[in-house]
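Colleague: Whatever this is, show me its structure:
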Amino acid sequence: MNRSKKVACLAGDGVGPELMAEATRALTRVSQLHSLALEDVHLPFAGEAVTRGGHPLPPATRDGYKRADAVLVAAPHEPALDGVKADLELAVRLSRVHLRGGDVLVVGAVGPWADELAVERAFTSAAARHGRLTSVGSSPAWRALVDTEQSRWGGLTVEHLTPGEALVRLREAPLEVDVLVTESQLAAAVADAAAHLAGSAPAVAHAWLSETGPGLFAPGTCDDAEVAGFGVADPTAMLLTTSLMLAEGLGRRSAARTLERAVGAVAGLNGSRPTGTRPFTDAVLELLPETRTDLELDAEAWR
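Modeller: I've put the predicted structure just below:
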């Protein structure tokens, strides 16, 4: 029997509570469809925590997310997020950029000391996706690191590009790139370039992974606090981040794909896209049975 997985939810203030509410609604429905045992625990964070107890990261919140299997954040620009990152000892950064007709996963280490971990993670993700990996680096040591890891895998296609070649590829043929792994000093720039080429900030979701503890997941952006309470915040990035968490944080790629496909379908509706926070998510939830994906792989077992 699959043990229950715990997701620590850090909503913060502003539009955070509204976005987190929609994310947990989606998690609940996807969990039902895929028979997953998930528990979401909502912890005071940032401005919300200051209002309640005078500190953006109270001890109970820190203890709560350290004990979780994944940490989901709705307010990516909160200064308190830096404290969460420090607590979790994060090593690998992922950025998933959704494009028309597909997506690109950019993998990189948070520092040179974690380059090997980033390469290992990139190969694991590529094997679980389409079996294609693009390596971007400028040093012989980096290429040797990727080639050594490739020798441990069978059936994966690996391409080596320089940073300049990678930017050209992302601009002219982004759908030819599936998983892209790059040296730590290039990771942020390559992810930003891919996001810019996507042309839509809500199409980006970020993750930071630890070697042993829970990973941290946050949207690339969210609406300003001025729209909080009006029910008009765009939940696209939050829902795509939830999908990324299911895939890369909890290892449930079929459930992640179910949610991702539904979000993409609703976001791409020509002229009839729902305009409110809850109506958008309602439309996503209604589509989930149609977008359900049940191709469970061995790699998707609970870890």
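
Colleague: Please name the residues that touch residue 55.
Modeller: Listed by C-beta atoms under 8 Å, 6 or more residues apart in numbering, the contact partners of residue 55 are residue 49. Placement of C-beta: from N, CA and C, glycine included.

Colleague: Distance check, it against residue 63.
Modeller: 13 Å (C-beta to C-beta, to the nearest Å).

Colleague: what do you get for residue 37?
Modeller: Taking C-beta to C-beta, one finds residue 37 at 22 Å from residue 63.

Colleague: Equivalent analysis for residue 136, please.
Modeller: 38 Å.

Colleague: Have a look at those two and say which one is more surrounded.
Modeller: residue 136 (27 against 11; other C-beta atoms under 10 Å).

Colleague: Okay, and the most centrally placed residue in the chain sits in which element?
Modeller: Closest to where the C-alpha atoms of the chain average out (C-alpha atoms, centre = their mean) is residue 244, at 3.6 Å. Here residue 244, judged by DSSP states H and E, is contained in helix 236-244.

Colleague: Could you pull up the mean pLDDT of the helix or strand that that helix is followed by?
Modeller: Downstream of helix 236-244, the next assigned helix or strand under DSSP H and E is helix 253-267. The average pLDDT within helix 253-267 is 93.

Colleague: And for helix 253-267, what's in contact with it?
Modeller: 26, 30-31, 33-34, 36, 98, 128, 202, 236, 239-240, 242-247, 273-274, 280, 283-285, 287-288, 290-297, 299-300.

Colleague: got the contact list for the closest residue in space to the residue nearest to the centre of the chain that isn't next to it in sequence?
Modeller: Spatial nearest neighbour of residue 244, chain neighbours left out: residue 205 (4.4 Å); criterion: C-beta to C-beta, 6 or more residues apart in numbering. With contact set as C-beta under 8 Å, 6+ apart, residue 205 has these partners: 95-96, 217-220, 237, 240-241, 243-244.

Colleague: again, only this time at 7 Å
Modeller: Applying C-beta atoms under 7 Å, 6 or more residues apart in numbering to residue 205 gives the contacts 96, 219-220, 237, 240-241, 244.

Colleague: Restrict the helix or strand bottoming out on mean pLDDT in the chain to CA atoms and write it as CSV.
Modeller: When the helices and strands of the chain are scored by mean pLDDT, DSSP states H and E, helix 184-198 comes last with a mean of 83. Extracted C-alpha coordinates of helix 184-198, given in CSV (Å, rounded to 0.1, in the frame of the first residue of the first chain):
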residue,chain,number,x,y,z
SER,A,184,25.6,25.9,-12.4
GLN,A,185,26.8,29.4,-13.5
LEU,A,186,24.6,29.1,-16.7
ALA,A,187,21.5,27.6,-15.2
ALA,A,188,19.6,30.9,-14.3
ALA,A,189,20.4,32.6,-17.6
VAL,A,190,19.4,29.6,-19.7
ALA,A,191,16.1,29.2,-17.7
ASP,A,192,15.4,32.9,-18.1
ALA,A,193,16.1,32.7,-21.8
ALA,A,194,13.7,29.8,-22.3
ALA,A,195,11.0,31.6,-20.2
HIS,A,196,11.4,34.8,-22.3
LEU,A,197,11.0,32.7,-25.5
ALA,A,198,7.8,31.2,-24.1
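
Colleague: Any buried residues in it, and which?
Modeller: 184, 186-187, 190-191, 193-195, 198 (16 or more other C-beta atoms under 10 Å).

Colleague: and residue 263, how far is that from residue 220?
Modeller: 14 Å.

Colleague: Give me the more crowded residue out of these two.
Modeller: Comparing residue 263 with residue 220 by other C-beta under 10 Å, the one with more neighbours is residue 263, at 28 against 22.

Colleague: What distance do you get for residue 274 to residue 118?
Modeller: 37 Å.
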